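**Student:** Predicted model follows, preceded by the sequence.
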Amino acid sequence: MASFYDIDAANDRLSELGPVLALLRDQRDELVRLRDQALEHQARVEAEPEPSGGGRGAGGGSASTGDDPGEEMRLFRLRMQGVVDQMQAAVAQIDGWGVTLRDIPSGLVDFPALVNGRQVWLCWRLGEDRVDWWHELTTGVAGRRPIIELE
């Protein structure tokens, strides 16, 4: 850990961090939705009977829709990659602030801190009003304790 946050600096960062974490959570949900749609599409394509006179190979489309199932999957992959790229940019921004992302769905992050010469994590979760928790470097969120114990 190169730089450290104090409680005030961590709380000041929340106005920028909160929206990025909320967007990242939404992007993750979108990625899961796209993945599920792609899997459903693939299952439908595989369940369709092959048209008479040949398979769905080179240039053959879906018998029921006339659409190219391979093109549909390519579009799903492109949309998913776009979401992944956006998520990577958000994670890079969080990392650039020196904040450690722990969990996207809950928006859990840790701020590196130095308290009385000891390195600890200031712990915050999306939806909390301010940084009110901390934990040792080795304990994780399960070991969260109130900030008041640091003073």
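**Tutor:** Looks like it came in fine. Numbers count the residues shown, from 1 in each chain.

**Student:** residue contacts, Ala22?
**Tutor:** 107, 126 (CB atoms under 8 Å, 6 or more residues apart in numbering). (C-beta placed from N, C-alpha, C; glycine too.)

**Student:** Counting neighbours, what do you get for Arg130?
**Tutor:** 11 (other CB atoms under 10 Å).

**Student:** and the nearest residue to it once chain neighbours are set aside, how many residues sit next to it?
**Tutor:** Setting aside the residues directly before and after it, Arg130 is nearest to Asn11 in space (CB to CB, 6 or more residues apart in numbering), at 5.0 Å. Around Asn11 sit 17 other residues, with neighbours defined as other CB under 10 Å.

**Student:** next structured bit after the helix or strand hosting Leu17?
**Tutor:** According to DSSP states H and E, Leu17 maps onto helix 7-47. Sequence order places helix 69-96 as the next helix or strand after helix 7-47, per DSSP H and E.

**Student:** in that next one, what's buried?
**Tutor:** 69-70, 72, 76, 80, 83, 87, 90, 94 (16 or more other CB atoms under 10 Å).

**Student:** for this protein, which spans come out with low pLDDT?
**Tutor:** 1-2, 50-67, 151 (pLDDT under 70).

**Student:** cutoff 90 now
**Tutor:** For the chain, applying pLDDT under 90 flags the ranges 1-2, 38, 41-74, 76, 115-116, 140-142, 149-151.

**Student:** measure Asp12 to Glu30 for me?
**Tutor:** In this view, Asp12 and Glu30 are 29 Å apart by CB to CB, to the nearest Å.

**Student:** more crowded one of those two?
**Tutor:** Per other CB under 10 Å, whichever of Asp12 and Glu30 has more neighbours is Glu30, with 16 against 13.

**Student:** Was I right to think the more buried one contacts Val83?
**Tutor:** Yes - the criterion here is CB atoms under 8 Å, and Glu30 meets it with Val83 at 5.4 Å.

**Student:** Hmm, the residue nearest to Arg130 is touching Glu128, no?
**Tutor:** No - using CB under 8 Å, Asn11 is not in contact with Glu128, being 10.4 Å away.
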